[in-house]
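# Just the structure for this:
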Amino acid sequence: MGRATFYEDRNFQGRSYECSSDCPDISSYMSRCQSCRVQSGCFMVYERPNYMGNQYFMKRGEYSDYQSMMGMTDGFRSCRMIPMHRGNFRMRIYERENFGGQMHEMMDDCDSIQERYRMSDCQSCNVMDGHWLMFEQPHFRGRMMYMRPGEYRSFKDMGMGAKGMRFMSMRRITDIC
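All right, here's what the predicted structure looks like:
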């Protein structure tokens, strides 16, 4: 079970809110969130309410200033606790929307779909087992998106393609949290 404490101001100052589950709108508890301590588990934090906007992965540790660490000007507005997965990991990635084009099944991290699979783009996926992070650049860099088990037919329809975001590397979220 994950647990995190969020603070209104930088350096763990101001009002705080302790969280051990998903929270679609942090503003219900505080006016803004500028720092955090993750005591256990892993969380995804989002720039906007209802799990929208840029996402950031947080594992156990202290995050004293979101603006300098992640470029978030107003902190974040919602968070999701990532449940621990102890089984196999499996995901199919597709070159085009609606599971079209090349398909590759992954069971481990991939630091570059272009180098490993000769794919220049990934527009849809089916996460069968485990929880994954997808990154816009090779070698697990750039903006990211949390993927839990389910079918994702169009990244563009999820608001990612409109930002010109392409996924080029994928990493499993393991029990290192």
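# Quick check: which ranges of the chain have low pLDDT?
67-74, 159-165, 175-177 (pLDDT under 70).
# domain ranges for it?
The chain breaks down by the TED database into domains covering 3-82, 90-172.
# mind putting those in TSV, mean neighbour count included?
The way it works is simple: take the backbone N, C-alpha and C, and place the C-beta from them, glycine included. Output for the domains of the chain, formatted as TSV (neighbours: other CB atoms under 10 Å):
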stretch	mean neighbour count
domain 3-82	17
domain 90-172	17
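# Can you give me the distance of residue 64 to residue 115?
If you measure residue 64 against residue 115 using CB to CB, to the nearest Å, the figure is 36 Å.
# which ones are touching residue 98?
When the contact criterion is CB atoms under 8 Å, 6 or more residues apart in numbering, the partners of residue 98 are 124, 153, 154.
# For the protein, which segments count as helices?
For the chain, helices defined by DSSP state H occupy the ranges 66-70, 113-117.
# Chain neighbours aside, what residue packs nearest to the residue positioned nearest the centre of the chain?
Residue closest to the mean C-alpha point of the chain, counted by CA atoms, centre = their mean, is residue 146 at 3.2 Å. Leaving aside its sequence neighbours, residue 146 sits nearest to residue 44 (CB to CB, 6 or more residues apart in numbering; 4.4 Å).
# just residue 18 next, same as before
residue 5 (5.0 Å).
# What distance do you get for the one you found to residue 39?
Using CB to CB, one gets 7 Å for the distance from residue 5 to residue 39.
# who's the residue nearest to residue 146 bridged to?
residue 57, residue 80 (DSSP bridges).
# Done for today, thanks.
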